[in-house]
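> just coords:
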């Protein structure tokens, strides 16, 4: 009886752990993306106030 319950619960726990790990990775990636976008927006706003080109390129030329 207990063996059959353990056979069912084992894979369920593995699936739940995999779901939690996937959710953690998703939150980590989305947080990094949001912070990156926030920094970019702040930098662009500061450049606009200074009258410069976006992303720190004062002459507006593309990087090579």
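Looks like it came in fine. Just so it is clear, the structure is predicted and the values come from calculations on it, not from any experiment.

> for the most centrally placed residue in the chain, helix, strand, or coil?
In the chain, the centroid-proximal residue (C-alpha atoms, centre = their mean) is residue 29; its distance is 2.0 Å. Following DSSP: H, G, I helix; E, B strand; the rest coil, the label given to residue 29 is helix.

> pLDDT wise, what is it at?
pLDDT, residue 29: 97.

> all helices in the protein, in order from the N-terminus.
With DSSP state H as the criterion, the chain has helices at 2-50.

> show me where it dips below the pLDDT cut-off.
52-64 (pLDDT under 70).

> coming back round to it: ok, now how distant is the residue nearest to the centre of the chain from residue 47?
To residue 47, residue 29 is 27 Å away according to C-beta to C-beta, to the nearest Å. For the C-beta atoms, the positions are set from N, CA and C on the backbone; glycine is no exception.

> then residue 27?
Relative to residue 47, and taking C-beta to C-beta, residue 27 is found at 30 Å.
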